[in-house]
Structures are given as C-alpha cells and as structure tokens.
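> For reference, the sequence and a predicted model appear below.
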Amino acid sequence: MKKIILILIVTLVLTSNSYAAGSSSSGSGSGSSSISNYDKAVKLIKSAKKYEQKEKLDKAKKNYVKAQKFLIKSNDKNPNNADTLNYLGFTTRKLGDYENGEKYYLQGLAINPNHKGINEYLGELYMATNRIELAKERLKVLENCNCKEFNELKTVIEGTKKSKY
C-alpha cells in the first residue's frame, strides 16, 4: 500500500512539474524563512547515508521517505530547481523506483545539463540498470570538471568500486 501511495505522489509531482516553465535558477532551494523544506531534506539524506554505513537500512529508508516528502514540498514551492530535482531523483532511486528517479534526474539536466551531482547519480543509475553506454555519456560530461563526482562515477564504470545504488 505504501508503494502505491508513493507512486501516486511521484506521478502527481511529475505531471504537475511538466507544465511549469523552465528556469535557470540554481542554489540550495532555501528560502529566507527558517529552515527550508530543502534544507530539512538534505539533513535527512545525510543522516540516511550514515545509517546505511552502519547497516541500519530500515532507519535509512525512513529518512529517505521523509526527505522525499520535504523535497516534493520544496519542488512545489520552488519548481525547476536542479538541486531539488537531483535529490528527488536520489531519494526516489534509493527507495527502489529507478524509473521515476531517472525522470527527476532528466528534468534536472534539462535545467542544468552540467549539474555534477545529477550527472554522477544518473550515471550510477545507468550502471545499476545495465546501460553502460549511457553511464559513459554522463562521465564524458564530467570529464573536465576536476571533481569528485567524475572520479566516483569513473570507478563505478571501471568496476573498481561498486555503486551503492
């Protein structure tokens, strides 16, 4: 039942965002008020990653679910923010929905084709779904960035590091 509700929420978000005008805005998605939904989500994602490292996968999953809810709210309030779409793709993928995670990533790339995080995570998603040539395309976008995202994706593609996803 939870999976059906999650799919419905993601579907609603994806269909509502497809009608929004494109924006070239970037940044954290945070507003001028107290802690934004985006910032709350980022905090939960960092916590979830720590739980994963400690093999506390149920706690990690709960944090990803909560983070995703905050990101959906953030995206509704401030649509077409590549950073928000990156984390929406990430949390959706971490919850096992690769198809909708990929849609969020592609929405983000439409706004910012050189977004380091999206290119890395989408490349890792492509590796996890056995689409190696598409992963190599993401690596090609990152090759001149001199960034950790390039190195992370490169090691996954070379097989020297297993993707966590």
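Now that the structure is in, tell me what you want to look at.
> who's in contact with residue 115?
By C-beta atoms under 8 Å, 6 or more residues apart in numbering, the contact set of residue 115 is 82, 83, 86, 108, 109. (C-beta placed from N, C-alpha, C; glycine too.)
> and the residues you listed, which two are the farthest apart?
The widest separation within the contacts of residue 115, taken as C-beta to C-beta, falls between 83 and 109 and amounts to 12.4 Å.
> how much distance is there from stretch 91-111 to the middle of the chain?
Here stretch 91-111 shows a centroid-to-chain-centroid distance of 6 Å under the convention C-alpha atoms, centre = their mean, to the nearest Å.
> Let me know the average pLDDT across it.
Confidence over stretch 91-111, taken as the mean pLDDT, stands at 97.
> longest helix anywhere in the chain?
Ordering each helix of the chain by length in residues (DSSP state H) puts helix 57-77 first.
> For that one, what does the pLDDT average out to?
Throughout helix 57-77, pLDDT has a mean value of 97.
> that older thread, more neighbours: residue 83 and residue 109, which one.
A direct count of neighbours by other C-beta atoms under 10 Å for residue 83 and residue 109 places residue 83 higher, at 24 against 20.
> Let me know whether that one touches residue 36 as I believe.
No. Contact between residue 83 and residue 36 fails when scored by C-beta atoms under 8 Å: they sit 11.4 Å apart.
> got the buried residues for the longest helix of the chain?
Residues of helix 57-77 classed as buried under the neighbour-count rule (16 or more other C-beta atoms under 10 Å) are 60-61, 63-75.
> okay, it in CSV with CA atoms only?
In CSV, the C-alpha atoms belonging to helix 57-77 read as follows (Å, rounded to 0.1, in the frame of the first residue of the first chain):
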residue,chain,number,x,y,z
LEU,A,57,18.8,0.1,6.5
ASP,A,58,15.3,0.5,8.0
LYS,A,59,16.3,3.7,9.6
ALA,A,60,17.9,4.9,6.4
LYS,A,61,14.8,4.1,4.4
LYS,A,62,12.6,6.0,6.8
ASN,A,63,14.8,9.1,6.4
TYR,A,64,14.8,8.8,2.7
VAL,A,65,10.9,8.7,2.7
LYS,A,66,10.8,11.8,5.0
ALA,A,67,13.4,13.6,2.9
GLN,A,68,11.4,12.8,-0.3
LYS,A,69,8.3,14.4,1.3
PHE,A,70,10.2,17.6,2.1
LEU,A,71,11.7,17.7,-1.4
ILE,A,72,8.3,17.3,-3.0
LYS,A,73,7.1,20.3,-0.9
SER,A,74,10.2,22.2,-1.9
ASN,A,75,9.7,21.4,-5.5
ASP,A,76,6.0,22.5,-5.4
LYS,A,77,7.0,25.9,-3.8
